[in-house]
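# Please work out how this folds:
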Amino acid sequence: MAVTNKGDKITIKLSAESEAMLKAIPMEFWKGVVKGSKKAILFVEEKAKKDFSGSNQLNVRSGYLRRSINSSVKVEGNKVIGAVGASAIYAAIHEFGGTITARASDYLKFSVGGNFVSVKQVIIPPRPYLRPAIDKSKPSIKEIIQNSITRELT
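Purely as a prediction, here's the structure:
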């Protein structure tokens, strides 16, 4: 089994032996893949929440962003699709960075250190909290899914 990561997708390629087993015992193998995927994606979600305020320089004030981290697994035909994300409206700007520009008025106005500031735009640097959790979890993802398949086949 090989695990690869391209952008925001992780692909698991089965070995020829695993594919042969799939053809011989499809239902048990498939159950193992689905159960293992659910366990693996929950593992990544928990890792993201645990490591949230580590090296990524995100300050935690209310904890809302961390609490909004969630995961899901769905089966579409012969694919199992797992996703980890965050539902907070500002989740993406922290993960990927970007520019916030005034739209409703000429300036963005906010308080910094007790002083009010007016600016036309603010550049937010990327401070990823999900991608590092995925990267750190790759070996565990593979192991979790393999163990789940083995349990179903035995």
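
# ok, which stretches of this structure are strands?
2-6, 9-13, 69-76, 79-86, 98-101, 108-112, 115-119, 121-124 (DSSP state E).

# Considering the ones you listed, which stretch scores lowest in mean pLDDT?
Note on these: strand 2-6 shows the lowest mean pLDDT, a mean of 63.

# how about low-confidence regions in the protein?
1-9, 21-25, 53-58 (pLDDT under 70).

# Of the strands of the chain, flag the one that's most buried.
strand 79-86 (a mean of 17; mean count of other Cβ atoms under 10 Å). C-beta: built from backbone N, CA, C; applies to glycine.

# Show residues contacting that one.
Residues from elsewhere that reach strand 79-86 (Cβ atoms under 8 Å, 6 or more residues apart in numbering): 10, 33-34, 37-38, 40-41, 44-45, 48, 65, 68-75, 91, 95, 130, 133-134.

# try 6 Å this time
33-34, 37, 41, 44-45, 68-69, 71-74, 130 (Cβ atoms under 6 Å, 6 or more residues apart in numbering).

# right, and the pair among those residues with maximum separation?
Using Cβ to Cβ, the contacts of strand 79-86 reach their maximum pairwise distance at Val33 and Ser68, which is 27.9 Å.

# Looking at those two, which one has more neighbours?
For the pair Val33 and Ser68, the greater number of neighbours falls to Val33 (22 against 14), based on other Cβ atoms under 10 Å.
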